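Participant: missing the sequence, but the structure's below:
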């Protein structure tokens, strides 16, 4: 059992104890949980271990991969470029990148809210290749070429489907119109303005493979086995999911995104005008999701899973980072732990 800090109040300690018990039940080696609430003290707690071989405890300031939470950063970069006049939300992508094999009607807005209908490259076959060639540095065009082997899923604007390929295309677009690397754009337009010094988009090179602290490991679950996939080069996810961050940084990020701190009011309204996600009560805006009243994003890369959400109705923020991608019962561990925290903090239960 993880030893919780003595200074936690009884109420908060009970929440984190329940979360730690669930973490152990789910077979999650380590997790960092950060909670901010207007009616309770702010806390960030590390549970479990950073490395199953050494049993070293995971630190609360551990820098982990956050997967598709990256999309919130990249979308904010693109939205800020629209405010600078370098792009328009309803610009056709072909007006900027005429060589890309997409139909007319694939716009910046439709890439951001995943209504463009692009095919996907992150198939089971591709993920197996990425696991067996961990040092490979993937190029964005290479990823799109893999996606475009398949037919487009639907006519642009006629439906919704989650799509990583669209965010690869947005990364290419941002670099094309500015002449800057997207990791530099993220630093300049999002991360530095918010003071997020432990968050970055790693370079698309061999140098982007390792985490800042090599003692922190991430595990891909294969049946009952945990396979260390920490050092799979994340270039295959690039602007769809290669960011690294801490739980405390993601608290700042998701609260700023939901408030619209970096955007004009009109742009923020457009961002939050979500498209219904079929089969759920969720909606998806411009690089941000509404999970039934809590806004943010989740993410998964081999070895890691993350959830970052802010609930405007209560003022609460919940962030969970896990160093495994699936639980023993094949659910997303960070999402599951975040939902448990949310239930415990609901009125009358905590």
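Facilitator: Received the coordinates, thanks. Everything numeric in this text was worked out from a predicted model, so none of it was measured. Numbering: from 1, shown residues only.

Participant: use CA for all of it now, contacts and neighbours both
Facilitator: OK.

Participant: in the stretch 101-250 of the chain, which spans are helices?
Facilitator: Applying DSSP state H, counting those that start in this stretch to the stretch 101-250 of the chain gives helices spanning 108-112, 124-132, 140-147, 164-178, 182-186, 238-241, 247-259.

Participant: Remind me what the shortest one packs against, helices and strands.
Facilitator: Helices and strands touching helix 238-241, by 3 or more CA pairs under 8 Å, 6 or more residues apart in numbering; DSSP states H and E, are strand 64-67, helix 70-83, helix 164-178, strand 294-301.

Participant: Next: the last one.
Facilitator: Helix 247-259 sits against strand 30-37, strand 294-301, strand 304-311, strand 316-322, with contacts defined as 3+ CA pairs under 8 Å, 6+ apart.

Participant: still on that earlier bit, dump the helices and strands packed on helix 238-241 to TSV, plus distance to residue 239, mean pLDDT and mean neighbour count.
Facilitator: Below are the helices and strands packed on helix 238-241 laid out as TSV (distance: least, CA to CA, whole Å; pLDDT from 0 to 100; neighbours: other CA atoms under 10 Å):
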stretch	distance to residue 239	mean pLDDT	mean neighbour count
strand 64-67	10	98	30
helix 70-83	6	98	24
helix 164-178	5	98	21
strand 294-301	12	98	25
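
Participant: contacting residues around residue 129?
Facilitator: Going by CA atoms under 8 Å, 6 or more residues apart in numbering, residue 129 touches no other residue.

Participant: number of nearby residues for residue 276?
Facilitator: 16 (other CA atoms under 10 Å).

Participant: per-residue pLDDT, it?
Facilitator: On pLDDT, residue 276 comes in at 96.

Participant: Could you report the distance from it to residue 284?
Facilitator: Going from residue 276 to residue 284 by CA to CA, to the nearest Å gives 6 Å.

Participant: Over to residue 331?
Facilitator: Where residue 284 is concerned, residue 331 sits at a distance of 21 Å (CA to CA).

Participant: now swap in residue 167 and tell me
Facilitator: Separation of residue 167 from residue 284 (CA to CA): 14 Å.

Participant: Ramachandran coordinates for residue 326?
Facilitator: Reported as degrees, to the nearest 10, the phi and psi values for residue 326 are phi -140, psi 150.

Participant: So it sits against residue 332, correct?
Facilitator: Yes. Look at residue 326 against residue 332 with CA atoms under 8 Å: they come within range, at 5.3 Å.

Participant: related to what we said a few turns ago, closest to residue 117 out of the helices and strands packed on helix 238-241?
Facilitator: Across the helices and strands packed on helix 238-241, residue 117 has its closest neighbour in helix 164-178 (8.8 Å, CA to CA).

Participant: From the neighbour counts alone, determine which of residue 326 and residue 332 ranks first.
Facilitator: Set residue 326 next to residue 332 and count neighbours by other CA under 10 Å: residue 326 wins out with 27 against 22.

Participant: What is the neighbour count of residue 245?
Facilitator: For residue 245, the count of nearby residues is 24 (other CA under 10 Å).

Participant: Quick check: bridge partners of it?
Facilitator: In this entry, residue 245 is beta-bridged to residue 64, by DSSP bridges.

Participant: so it touches residue 198, yeah?
Facilitator: Yes. Using CA under 8 Å, residue 245 is in contact with residue 198, at 5.7 Å.

Participant: Mind listing the shared neighbours of those two?
Facilitator: With CA under 8 Å, 6+ apart as the test, residue 245 and residue 198 both reach residue 63.

Participant: List just the one of the helices and strands packed on helix 247-259 that sits closest to residue 207.
Facilitator: Checking the helices and strands packed on helix 247-259 against residue 207 by CA to CA gives strand 294-301 as the closest, at 17.9 Å.
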